[in-house]
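Visitor: Got a sequence here, can you model it:
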Amino acid sequence: MSSNPVDALTEPDGSDPVPDMLENAVGLSFLSPSFYIQQFCTSVIKSNPWDWAAEQLSGDWDGVKRAGNSVQNLANYNASFSAAVHESLRGIDLWRGTAADNARTYFQKFGDAVGSQASPLRSIAEQIDQISLAMYELSKAVGDALSAITDMAIIALIEIAAAEALALTGVGVIGSGAAMGAATLQVLMILEKWGDVLQYWTTTWSVVQALMSGITGSLASSEFIDLPTLPESSYDHPGA
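Guide: Numbering: from 1, shown residues only. From the prediction side, this is the model:
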């Protein structure tokens, strides 16, 4: 006898790689950057990058991972249930007659129908898992970009402060211009890096949308599988 199908219905967990997405992207060192860095980046980008990341990446992505695991467990349950039904049929090989034939036909179709749901359910589980993985990769990319933007902003602010200090001396005009040039370069690099962030987001969103379409298709495949119905009339034995 095959294993109990119920054994497949285990408690799902949000295993790696899905920790706290928001903390990955905007960890404690980025949730509250200094006021000046935040204001500087907002003036350059025309958007607060930390607020944007918090808004776009917040959500129960660990729950999404658990949902995928739940669907995978359900697929395993259906496959195990189907195998158990077919294995049970081998135990009535010696049963003969019209009732035996009808019973075998019914349970054969029933086992096949239940088993046929396993494949689309596995497809759904895989696509849900890919969504959580895509969001994890996005959070890592955004986190790295925010770290780089913070460094660039600090350098730019230092260069601006140096330029202003040199300009006040009246004799550091050349040095002041060089410092402002260096600050301008950092601004351009910040804009380029922010463009990368938006591209990461656009690409990931396109991937997630495609996966959602795939899930919809798989749901349709699993939803419209016909399970055989029991006969509506009672069986009349020919000899009775």
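Visitor: So for stretch 152-170, what gets flagged as buried?
Guide: Neighbour-count burial for stretch 152-170, with 16 or more other CB atoms under 10 Å as criterion, is recorded at 152-157, 159-160, 162-163, 166-167. Backbone N, C-alpha and C define where each C-beta goes, glycine included.
Visitor: Distance to residue 199, secondary structure and pLDDT for these - can I get that in a markdown table?
Guide: Output for the buried residues of stretch 152-170, formatted as a markdown table (distance: CB to CB, whole Å; DSSP: H, G, I helix; E, B strand; the rest coil; pLDDT from 0 to 100):
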| residue | distance to residue 199 | secondary structure | pLDDT |
| --- | --- | --- | --- |
| 152 | 18 | helix | 92 |
| 153 | 20 | helix | 92 |
| 154 | 24 | helix | 91 |
| 155 | 23 | helix | 91 |
| 156 | 22 | helix | 91 |
| 157 | 26 | helix | 88 |
| 159 | 27 | helix | 87 |
| 160 | 28 | helix | 86 |
| 162 | 32 | helix | 84 |
| 163 | 32 | helix | 83 |
| 166 | 37 | helix | 75 |
| 167 | 37 | helix | 75 |
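Visitor: can you count the residues close to residue 43?
Guide: For residue 43, the tally of surrounding residues (other CB atoms under 10 Å) stands at 9.
Visitor: one step back: out of the buried residues of stretch 152-170, who's nearest residue 45?
Guide: Each of the buried residues of stretch 152-170 was scored against residue 45 by CB to CB, and residue 153 proved nearest at 9.9 Å.
Visitor: ok, that closest one touching residue 41?
Guide: Yes. Taking contact to mean CB atoms under 8 Å, the distance of 5.3 Å between residue 153 and residue 41 places them in contact.
Visitor: Find residues that contact each of these two.
Guide: Both residue 153 and residue 41 are in contact with residue 190, where contact means CB atoms under 8 Å, 6 or more residues apart in numbering.
Visitor: which sections of this structure are below the confidence cut-off?
Guide: The model of the chain has pLDDT under 70 over residues 1-2, 13-33, 170-175, 222-224, 231-240.
Visitor: How about residue 68: what's its closest non-neighbour residue?
Guide: Here the nearest residue to residue 68 in space, its sequence neighbours aside, is residue 128; by CB to CB, 6 or more residues apart in numbering that works out to 3.4 Å.
Visitor: How about the backbone phi and psi for that neighbour?
Guide: Its backbone dihedrals place residue 128 at phi -60, psi -40, with angles given as degrees, to the nearest 10.
Visitor: now do the one 10 residues further on
Guide: Backbone torsions of residue 138, given as degrees, to the nearest 10, read phi -60, psi -40.
Visitor: just residue 94 next, same as before
Guide: Torsion angles at residue 94 (phi, psi; degrees, to the nearest 10) stand at phi -80, psi -10.
Visitor: tally of neighbours for it?
Guide: Using other CB under 10 Å, residue 94 has 6 neighbouring residues.
Visitor: Look up how far residue 105 lies from it.
Guide: The span separating residue 94 from residue 105 equals 17 Å under the rule CB to CB, to the nearest Å.
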